[in-house]
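[1] Return a 3D structure for these sequence lines:
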Amino acid sequence: MAGMVERVTFHNAETGFSVLRVNVEGKRDLVTMVGVVSSISAGEWVTAEGHWVRDREHGLQLKADTIQCSPPTTNEGIEKYLGSGLIKGIGPVYAKKLVEKFGGGVFTIIDKYSVRLEEVPGIGKGRRLIIRAAWAEQKVVREIMLFLHAHGVSTSRAVRIYKTYGEEAIETVRANPYLLAKDITGIGFQTADAVAQKLGIPKDSIIRARAGLLHVLAEAMGNGHCALPRELLLEKAVVLLETDETLVNEALERLLVDADLVSEASLIYLPALQRAEKEIATRLCNLANLHSTHPAIAIEKALPWVEEKTGKALAPRQIEALKQALSSRVLVITGGPGVGKTTLVHSILLILRGKKVNCLLCAPTGRAARRLADTRGLEAKTIHRLLEFQPSGGGFTRDANRPLDCDLLVADETSMIDVPLFSKLLRALPAHAHLLLVGDVDQLPSVGPGAVLGDIIRSGIVPVVRLTEVFRQAQDSQIIRTAHRINSGQFPEPEPGPESDFFFIERDEAESIQSTLLDLVRSRIPKRLGCDPVQDIQVLCPMNRGTLGTGQMNALLQSKLNPPRPGEPVVASFGSEFRLRDKVIQTRNNYDKDVSNGDIGRIMAIDPGEREALIRFDEREVVYDFGELDEVSHAYAITIHKSQGSEFPAVVIPIAMQHFLLLQRNLIYTGLTRGKRFVVILGEKKALGFAIRNSDTAQRFSALEERLTRRRGDAERVNMETRGC
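    Here you go, the predicted model:
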């Protein structure tokens, strides 16, 4: 059967499954065709082979075993094709004008003589260039999609592959399909391996074994490790590759000889991570042994002056910390909520700025940087922006050769900083500058490799101030009192009442937890706080998977808080449906758009013709091409890990034994301390108790603490020899 596609009712870019309405000659009504095709648009001509089935709900359909597509040839088909939103810059209106002007030759005009497009009223040079670029990209992307589909892989990442490899994409993938797992977000080793098998790369090849080992190490980095013990690396690679250990051993030796991996003691590193650990240990130890370069400060005069400025009297431990901050070249300030970290750092900055000390403030994420700026009254930047990250080259312009311009660098939320980023930060610190590290070591460690703040504190290489006294004004908050109870291993003791800001609601079944959560978010909390259920309430889940994970919770919350409205455009992209007013979160740093991993925004506009969505982050509006929407996901519910560095007016945390693998004290503590005005923990009492008792954080393979401790011992030995001991 053959005909023109009148409408694409459904197309899943991941699987290629499509439901098409086809205008077939000799058939009075449109024919419904169901089958698999990598890419399809209205107006295209399709030829299909299959058999008829009668669906109980949708009636008679052609279930196609094969569908072949070809560009449209009739004016009607061309107009539908161009007006389908496939080509950016051409919607239904311009499609009609183009066909009226150029007829069946319009494709040639766009492809080879695009300047003639300006003959069409309304198309100027700007739109013409957009159309030409979109046409060229679409041709290559469709080739990539057909290539991937032919080799058994879904095609939804074709745009990302094109933007990564350009017009050489197919040649690049043919040469080494395992690069897909390394370079393309959303494509893992298994997918790349399937492509490799289709291309004829044997399962016992060295190139496959090498790729498997590198994948295992990259996956370990994603789980917070800087390295893996040799035996564990080999064991995991053998399981992944389902091959002989002799082959994997040989591949590992070749990687070590080629310096793609490095071995130290019993650990196997990616070279960049080993260098980062060494650099941190060297620079931090050197910094700790230097004297203060701050101007002389009379603390007996500075103290009453700063207390008058802030309107807050400093506690004895804070005064001690302030003195240390003024005299030490590097200092760590840690402690939980309500213990006065903000007041202390603000006081330090006031005194030093009064002495004309040039201070810079930074934090790992955009939201954390904005919080830091709000509380300190100074500009604060993300670490990447401070170090002037260059997306094109993937490096930082601020380093040892072009250090930062500051006398003091304050890094907040240090528990979130991983090993690679901290090494870059230390590299850019000026030779004369001081470093102040602020963070809560009891929170979750960084998402990236390492546990920098904890390793520094445990090593004893630098002075550490741990604030523990909860101030009187903070003691009125049950959120803060509960956080300290949980951190000390005690179960919460909420005091329900009209003024309470923390509740634990016990529910034992997943369905009951879901229904109660919906009731809380939709009505009970908004009514109590007078807040917006989407903007001001954040659901924080321990994990992504499961009935109480972010995936299902987002689908549930989206359906109730932002149901589809007739006539409004939607975008089906990368397995998600995005609607106007949807709450979304950026999932990776995008410096071209000035959006950071963890930024939360709302979709304000969707333009199918331009294939663009407009997302507002705070006061900034950012345009996303539909092919870039894999950078965002729904944010009605996010993981507790993703919430680090952020605060929300109200927080709801569902918890159950289905989260068993991630139930730890620091996870609950971190989630709880994200709420400013109101927090509800909802779920199984058994699960909450298990998490609070479980203070054993998962081991992270890293040698940073050992390197720091060893250097501290070396420095002490040198000092003793210098003193003649």
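[2] How about residue 217: what's its closest non-neighbour residue?
    Distances taken as CB to CB, 6 or more residues apart in numbering place residue 270 nearest to residue 217, at 5.7 Å, with adjacent residues excluded. Placement of C-beta: from N, CA and C, glycine included.
[3] Return the residues in contact with the closest residue to residue 595 other than its chain neighbours.
    Nearest residue to residue 595, sequence neighbours excluded (CB to CB, 6+ apart): residue 586, at 4.9 Å. For residue 586, the contacting residues are 595-601, 617, 631-632, by CB atoms under 8 Å, 6 or more residues apart in numbering.
[4] ok, now residue 340?
    Counted by CB under 8 Å, 6+ apart, residue 340 has contacts 314-315, 318, 467, 469, 471.
[5] out of these, who's nearest residue 63?
    residue 467 (67.6 Å; CB to CB).
[6] Just to check, the residue nearest to residue 217 is in contact with residue 221?
    Yes: Residue 270 is within contact range of residue 221, at 7.3 Å (criterion: CB atoms under 8 Å).
[7] Tell me, how many residues neighbour residue 553?
    27 (other CB atoms under 10 Å).
[8] Quick check: it is in a helix.
    Yes: assessed by DSSP: H, G, I helix; E, B strand; the rest coil, residue 553 belongs to a helix.
[9] three-state assignment of residue 709?
    Strictly by three-state DSSP, residue 709 counts as helix.
[10] which ones are touching the residue nearest to residue 261 when sequence neighbours are not counted?
    Take residue 261 and drop its neighbours on the chain: the residue closest to it by CB to CB, 6+ apart is residue 255, 4.4 Å away. Contact analysis of residue 255 by CB under 8 Å, 6+ apart lists 210, 213-214, 261.
[11] and those residues, which of them are in strands?
    Residues of those located in strands (DSSP state E): none.
[12] Return the member of those residues nearest to residue 307.
    The closest of these, once distances to residue 307 are taken by CB to CB, is residue 261, at 54.8 Å.
[13] Quick check: that closest one vs residue 278, distance?
    Computed with CB to CB, to the nearest Å, the distance linking residue 261 and residue 278 is 16 Å.
[14] who's more crowded, the two?
    A side-by-side neighbour count of residue 261 and residue 278, using other CB under 10 Å, places residue 261 first with 22 against 15.
[15] Could you verify my assumption that the more buried one touches residue 268?
    Yes: taking CB under 8 Å as the definition, residue 261 is a contact partner of residue 268 at 5.6 Å.
[16] joint contacts of these two?
    217, 252.
[17] Can you pull the phi and psi angles for the residue nearest to residue 261?
    The phi/psi pair for residue 255 (degrees, to the nearest 10) reads phi -60, psi -40.
[18] Also the one 3 residues further on?
    Main-chain torsions, residue 258, degrees, to the nearest 10: phi -80, psi 0.
[19] Model confidence for it, exactly?
    Predicted confidence (pLDDT) for residue 258: 95.
[20] Go ahead and confirm residue 549 touches residue 555.
    No: between residue 549 and residue 555 there is no contact under CB under 8 Å: 10.4 Å.
[21] which of those two has more neighbours?
    residue 549 (18 against 15).
[22] For the more buried one, which residues are in contact?
    With CB under 8 Å, 6+ apart, residue 549 has these contacts: 541, 543.
[23] give me the beta-bridge partners of residue 410?
    residue 361, residue 436 (DSSP bridges).
[24] and it, how far is that from residue 674?
    22 Å.
[25] Same drill for the two, tell me which one is more crowded.
    Using other CB under 10 Å, the more surrounded residue of residue 410 and residue 674 is residue 410, with 26 against 22.
[26] Contact partners for the residue nearest to residue 217?
    Neighbour list for residue 270: 214, 217-218, 221, 227, 261-262 [criterion: CB under 8 Å, 6+ apart].
[27] what does residue 410 give?
    Counted by CB under 8 Å, 6+ apart, residue 410 has contacts 345, 349, 359-362, 436, 438.
[28] now swap in residue 181 and tell me
    187-189, 191-193, 211, 215.
[29] name the element residue 614 belongs to?
    strand 612-617 (DSSP states H and E).
[30] Buried ones in the helix or strand following that strand, by neighbour count?
    As assigned by DSSP H and E, the chain's next helix or strand after strand 612-617 is strand 620-625. Within strand 620-625, the residues scored as buried using 16 or more other CB atoms under 10 Å are 622, 624.
[31] and strand 620-625, which strands flank it?
    In the sheet, strand 620-625 lines up with strand 612-617 (antiparallel) (DSSP bridges).
[32] Other residues contacting the partner strand?
    Against strand 612-617 from outside (CB under 8 Å, 6+ apart): 88, 571, 578, 584, 586, 595, 599-607, 621-626, 629, 632.
[33] how about the CA coordinates for it, as CSV?
    What follows is strand 612-617, C-alpha atoms only, in CSV (Å, rounded to 0.1, in the frame of the first residue of the first chain):
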residue,chain,number,x,y,z
GLU,A,612,11.8,26.1,19.9
ALA,A,613,10.7,26.2,23.6
LEU,A,614,11.2,29.2,25.8
ILE,A,615,12.1,28.5,29.4
ARG,A,616,12.3,31.1,32.2
PHE,A,617,14.9,30.6,34.9
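[34] tell me the secondary structure for residue 235?
    Per three-state DSSP, residue 235 ends up helix.
[35] Look at it and say how many residues are nearby.
    Neighbourhood size, residue 235 [other CB under 10 Å]: 15.
[36] residues near residue 183, how many?
    Neighbour number of residue 183 under other CB under 10 Å is 14.
[37] quick one on the thing from earlier: tell me the one among the contacts of residue 181 nearest to residue 427.
    Of the contacts of residue 181, the one sitting nearest to residue 427 (CB to CB) turns out to be residue 215, at 28.5 Å.
[38] Look up the pLDDT of that closest one for me, please.
    Predicted confidence (pLDDT) for residue 215: 93.
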